[in-house]
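J.: Sequence and predicted structure below; questions after.
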Amino acid sequence: MNSPACIPGSEVFLERPIASLRNARFGLLMNQASVDRQCQPACDRFEQTFPNQLQAIFSPQHGLWCEEQANMIESNHQVHPWLDIPVHSLYSETRQPTSDMLESIDTLVIDLQDVGTRVYTFAWTMVNCLQACARQGISAVILDRPNPLGGQTLEGPALQTEFRSFVGLLDIPMRHGLTLAEIAKLAVRELHIDVELHIVRCEGWQRSDLFTATRLPWLMPSPNMPSFDTSVVYPGQVLLEGTNLSEGRGTTLPFQIVGAPWIQPQRLADRLNEFSFPGLHLVPIYFRPTFDKYANQRCGGVLLRIDRPEQVRSYEFTVRLLTMVRQEWPDSFAWLPPPYEYEMVKPPIDILSGSEALRTLVDSQLHASNQQDLQLDHLIHIDATAQWQAWADVLLY
């Protein structure tokens, strides 16, 4: 069998530790997806390589074991069951390490598997940690991992600064094409974080590689991210969290299923098929969520079958979907009110999409026109060349 094409930064660091950190007292930000190529957890590997130097574990949203659901369902602080060290939840009464949490460590190591979408909160937990390390005067290490969506394609407009929140602290597109270490470098630059930052790159990854090319194991980084296919549609389908459409939570295919009790599946599929969505095949279905929106109710909708993941542009799909549903079922479709991810005032769709533009444009689409189609195209497409040029000093691959 061929060896995996990609070696995650965690393995690189453990095999060739940074000399100045060999005797450090470590804290480790991780969850159950933070594994090596043999699926061994990062915390276990650290304990083997640096006996008794791992002082604390920090967990992001959904908890260390990815047990908790989304949107302000917090996880508890605990003690690791076999390492017998504290696990500090950074999705609890605090989303940033406190000085007490950092008191026993010299450096905070961050090893998280991101999914390549701006609103996934792991990147912002990382940024919060960098700010806390700067205040505490301790160093931070990012053990980089591949962006599962590759590092070449951007989708959706950049976040507008006034809509920053815990689902976006930097003005980047929805599908951003960056690795966590690259986001860390961008955050240090844009937010002026004065932290001693060490970056350990993953080896063997190219920006053209999707996750399937890495040959790394996929362990779900959150309860509703069960597979790589989920991550492919997530940059667009996560927008459904700001609406009364089910995004498929409570089914076995979250984000690949969308619908509601008042949707007629074939009617929706026919309208969507007026457009071409490369890499996707739309299947009219009925489904019954077991929890979340419309629990135990029969819903009509569509299944997004992924044929060619490299071709999928899910942000465009979901914007078209929202437009069609708004036109076909105007009395049933609705935007959800706050709170959402600790934002208490702005509508969830606005902090998800990064501005008011999507909501106002979809609401204006009740009677479509050529001018509105041009506005939609402007919203969907980004000047990728200018964006990559602006990021030239943070790119690692």
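T.: Structure received.
J.: give the contact list for Leu108.
T.: 26-29, 58, 97, 102, 129, 132-133, 138-141 (Cβ atoms under 8 Å, 6 or more residues apart in numbering). Every C-beta, even on glycine, is put in place using the N, C-alpha and C of the backbone.
J.: thought Ile349 was touching Thr360?
T.: No - counting by Cβ atoms under 8 Å, Ile349 does not reach Thr360; the two are 10.2 Å apart.
J.: Which one's more surrounded, those two?
T.: Using other Cβ atoms under 10 Å as the criterion, Ile349 and Thr360 rank with Ile349 on top: 20 against 11.
J.: Packing partners of the helix or strand harbouring the more buried one?
T.: Element membership for Ile349, per DSSP states H and E: helix 348-353. For helix 348-353, the elements it packs on are helix 357-363, judged by 3 or more Cβ pairs under 8 Å, 6 or more residues apart in numbering; DSSP states H and E.
J.: contacts for the helix it packs on?
T.: 157, 239, 319, 322-323, 326, 335, 347, 349-350, 353, 372, 375-376, 379.
J.: same check, this time on stretch 49-56
T.: By Cβ under 8 Å, 6+ apart, stretch 49-56 touches 14, 17, 22-28, 43, 46-47, 83, 85-88, 101, 104-105.
J.: Spatially nearest residue to Lys293, not counting backbone neighbours?
T.: Spatial nearest neighbour of Lys293, chain neighbours left out: Ser246 (4.4 Å); criterion: Cβ to Cβ, 6 or more residues apart in numbering.
J.: And Thr323, by the same measure?
T.: Using Cβ to Cβ, 6+ apart, the closest residue to Thr323 is Gln365 (4.7 Å).
J.: which ones are touching the one you found?
T.: 323, 326-327, 372, 376.
J.: Could you identify which of those has the most neighbours?
T.: Thr323 (24 neighbours).
J.: same question for the one helix or strand it maps to, mean pLDDT?
T.: Thr323 is part of helix 314-328, with elements assigned from DSSP H and E. For helix 314-328, mean pLDDT is 96.
J.: which parts of it are buried?
T.: 314-326, 328 (16 or more other Cβ atoms under 10 Å).
J.: Run through who's touching that helix.
T.: Counting by Cβ under 8 Å, 6+ apart, residues outside helix 314-328 touching it are 155-156, 174-175, 232-237, 239-240, 243, 245, 258, 263, 267-268, 271-272, 275, 277, 280, 304, 333, 358, 362-363, 365-366, 368, 376, 379-380.
J.: Please repeat the previous calculation with a cut-off of 7 Å.
T.: With contact meaning Cβ atoms under 7 Å, 6 or more residues apart in numbering, helix 314-328 is reached by 155-156, 174-175, 232-237, 239-240, 243, 245, 258, 267-268, 271-272, 275, 277, 280, 333, 358, 362-363, 365-366, 368, 376, 379-380.
J.: And for Gly300, the neighbour number?
T.: Gly300: 19 neighbours (other Cβ under 10 Å).
J.: Please read the previous query as pertaining to Val35.
T.: 22.
J.: Quick check: it touching Pro41?
T.: Yes - using Cβ atoms under 7 Å as the test, Val35 is close enough to Pro41 to be in contact (5.7 Å).
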